[in-house]
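J.: With the sequence up front, the predicted model follows.
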Amino acid sequence: MPTVFITGCSSGFGLETAKLFLDKGWKVVATMRDPKDDILPQSANLIILPLDVTDPASIASAFERSGEVDVLVNNAGLGAAVPIELIEPATARQLFETNMLGTLAMIQAVLPGFRTRRRGTIINVTSSVTFKPLPLVSVYRASKAAVNALTESLAVEMEPFGVRVHIVLPGRSPETSFASNAMPHLRGLDNPDYKPLIEGMIANFRSDSGPVTHAVDVADAVWRAATDPSAPLRIPAGEDAVQWMAEAH
């Protein structure tokens, strides 16, 4: 029975992905900062573990308890929507420490085993905002673009060892906690120049009109990356993400 290790499973994309792999008969290691035992179906194939991707001791403990892993899904992430002029340095550092350095640390934890066994799959969930410049998400976008660049080079490094690497790029999703998680970092509503832009962004994040990405779209894309050896390096997830990727090329 193959094992998938998924970060950020408390809600949204990670939760839906964990459910899909359980339904498909995989052993699932579902990790989250604050474990919740009642959000996933009871199963002998399920392990729920605490994990902070910015804490080396937490990472080591989670992998020690999970056993051998076949697929790593780096889904955990932090969002923030702030004008470049106003973003706090601490917020910028936190975005890169979670989204980029946290992903790097997780990859480094599995690579020795993958390389030795000459198999394994790494799937990094980033964002379709990396396809084009958007206001207010500059540093978040930069952190996800960094993961894209990291993943592209990783794919080249791992090819000789039989390790597959993929990027899943979701679009805007009202089903995730991005907007609520980003709110504590918000700055600029008291600025008459930035206020209209920020209010428009908040309304857009919360709207389910137009093409959007559903959590099941991301779960399906991750499943494809995990199980289809012919899957491309970059896999858009969601109708809007597919459109943006086509426009970017």
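T.: Everything's here; your move. Residues are numbered from 1 along each chain as shown.
J.: center of the chain - which residue?
T.: N75 (2.7 Å; C-alpha atoms, centre = their mean).
J.: so where's the protein shaky on pLDDT?
T.: Scanning the chain for pLDDT under 70 picks out 175-183, 185, 206-208.
J.: Would you map the helices across it?
T.: Using DSSP state H, the helices of the chain run over 12-23, 56-66, 89-95, 102-117, 138-158, 178-182, 195-206, 215-227, 239-248.
J.: so how far is I198 from the residue of the chain most remote from its centre?
T.: For the chain, the residue at maximal distance from the C-alpha centroid (C-alpha atoms, centre = their mean) is P192, at 33.5 Å. Distance, P192 to I198, by C-beta to C-beta, to the nearest Å: 11 Å. Using the backbone N, CA and C atoms, a C-beta is placed for each residue, glycine as well.
J.: Please apply the same query to R65.
T.: For R65, the distance to I198 - C-beta to C-beta - is 42 Å.
J.: follow-up on the earlier one: of the helices of the chain, which is nearest L169?
T.: helix 239-248 (5.5 Å; C-beta to C-beta).
J.: one step back: list the contacts for the residue farthest from the centre of the chain?
T.: By C-beta atoms under 8 Å, 6 or more residues apart in numbering, the contact list for P192 is empty.
J.: Next, it: phi, psi?
T.: phi -60, psi -20 (degrees, to the nearest 10).
J.: ok, it to E88 distance?
T.: For P192, the distance to E88 - C-beta to C-beta - is 21 Å.
J.: Likewise for W223?
T.: 37 Å.
J.: okay, these two: which has more neighbours?
T.: Using other C-beta atoms under 10 Å as the criterion, W223 and E88 rank with W223 on top: 21 against 12.
J.: Which residue is the nearest non-sequential neighbour of that one?
T.: L20 (5.8 Å; C-beta to C-beta, 6 or more residues apart in numbering).
J.: What number of residues are in the vicinity of that neighbour?
T.: For L20, using other C-beta under 10 Å, the count is 20.
J.: could you list every residue that touches it?
T.: V216, A219, D220, V222, W223.
J.: Neighbour-wise, which one of these leads?
T.: Counting by other C-beta under 10 Å, top hit in the contacts of L20: V222 with 30 neighbours.
J.: Report the contact partners of the closest residue to that residue other than its chain neighbours.
T.: Nearest residue to V222, sequence neighbours excluded (C-beta to C-beta, 6+ apart): T17, at 5.0 Å. T17 sits next to I6, C9, V73, N75, V218, A219, V222, W223 when contact means C-beta under 8 Å, 6+ apart.
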